[in-house]
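Participant: Make a model of this:
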Amino acid sequence: MASASSSRAGPSNGNNSNAGAGRPNGPRIVQPQPRAQGPRISGGQGSGNTVLVNSCQKGNPILQFVRNVGWEYGDIVPDYQVGVSSCILFLSLRYHRLHPEYIHTRIQKLAQMYALRILLIMCDVNDHQAAIKELTKVAVVNNLTIIVAWSAEEAGRYIETYKILEHKPVDVIKERISDDYMSQLTSVLTSIRGVNKTDVTTLLSNFGSLQRIATAAPSNLMMCPGFGDVKVRRLKEAFSQPFRAGETRTRAERISAGENLVGLKETIDPTEPRREGSPDEMLEVGPGDDFDSHGGLFDMDFFDDDFGAEPEPASQQPPPKRPRIQIGDI
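Facilitator: Model (predicted):
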């Protein structure tokens, strides 16, 4: 009788029909009955609307919690077949402690069958971290997806849920973005780092539209609750930077890479303190305007001192040439 118990030990979580053979007065385990009656399916070719269950799962308490879909026994390699290309291997951590080689044998028999291969682990021990870490490595090597259940009822719900969603499209788990103006505006502005949905509501209530938000002065933005220097700077940068499809680098990274960024004051770090006399606003140059009439295309304050002398006070006239300092003068 002991050999019969060991031949199908494992996923039954220690509760099989032979467990009480030596205890005639012990509690009798009621065998769950398949929900779908019919001929025994061999080979697991197409499970239809029912979950195929391996005969080694007889007596497993999770079967009584598979209530929303039918199930029947079949000659299959995995413990449960929840789709034409989806299967589940069940493992109790308590049983895994006693028989650590069991799961490796089952995975070896499974080979490369099925596209979605799930390792359903029932965590029925206290110190489970080391065991789950070990099984995670095994799952990565053997192309398995780990699902951890904390009770037999939760494990049963996972099995029936995978079967119910077998033919559902991926749209069920996709993010839904409404077509209304507020939802689209929220989706756009919250993509800026530090801006949340509350900030979007604040901006819209104060400015009324995306255009007014984009053209608002930084001083007006800072008057809104929840907006400080950093958030306003990030917001203005998002509206002023050029569109670059697929670009993931920041402006500082692009500058360090040696890229010549096009645009007025594009390469100036706004976090650095500005020199006295530097313009605070970007010049707006039209297509027919002369760049020289606007004082030049680039802000020379960005460059080093080698490109020009420090500005002199208005009361003093600058010398025609900067005098050279001789060693004897020091």
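Participant: what about the strands in the chain?
Facilitator: 41-42, 50-53, 70-75, 80-83, 86-92, 116-122, 145-149 (DSSP state E).
Participant: Just put those strands in TSV and tack on mean pLDDT.
Facilitator: Converted to TSV, those look like this (pLDDT from 0 to 100):
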stretch	mean pLDDT
strand 41-42	42
strand 50-53	88
strand 70-75	88
strand 80-83	90
strand 86-92	92
strand 116-122	92
strand 145-149	93
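Participant: Would you mind putting those into CSV with distance to Ile159 and mean neighbour count alongside?
Facilitator: For the C-beta atoms, the positions are set from N, CA and C on the backbone; glycine is no exception. Below are the strands of the chain laid out as CSV (distance: least, C-beta to C-beta, whole Å; neighbours: other C-beta atoms under 10 Å):
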stretch, distance to Ile159, mean neighbour count
strand 41-42, 17, 14
strand 50-53, 6, 24
strand 70-75, 8, 18
strand 80-83, 6, 26
strand 86-92, 6, 25
strand 116-122, 7, 22
strand 145-149, 10, 16
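Participant: JSON lines for those strands, including distance to His104?
Facilitator: Below are the strands of the chain laid out as JSON lines (distance: least, C-beta to C-beta, whole Å):
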{"stretch": "strand 41-42", "distance to His104": "26"}
{"stretch": "strand 50-53", "distance to His104": "22"}
{"stretch": "strand 70-75", "distance to His104": "22"}
{"stretch": "strand 80-83", "distance to His104": "19"}
{"stretch": "strand 86-92", "distance to His104": "11"}
{"stretch": "strand 116-122", "distance to His104": "12"}
{"stretch": "strand 145-149", "distance to His104": "15"}
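Participant: among those strands, which is nearest Glu166?
Facilitator: Closest approach to Glu166 among those (C-beta to C-beta): strand 80-83, 4.4 Å.
Participant: Please name the strands paired to that closest one in the sheet, noting orientation.
Facilitator: strand 50-53 (antiparallel), strand 86-92 (antiparallel) (DSSP bridges).
Participant: Could you dump the ones you listed into CSV and include distance to Ala252?
Facilitator: Shown next, in CSV, are those (distance: least, C-beta to C-beta, whole Å):
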stretch, distance to Ala252
strand 50-53, 55
strand 86-92, 47
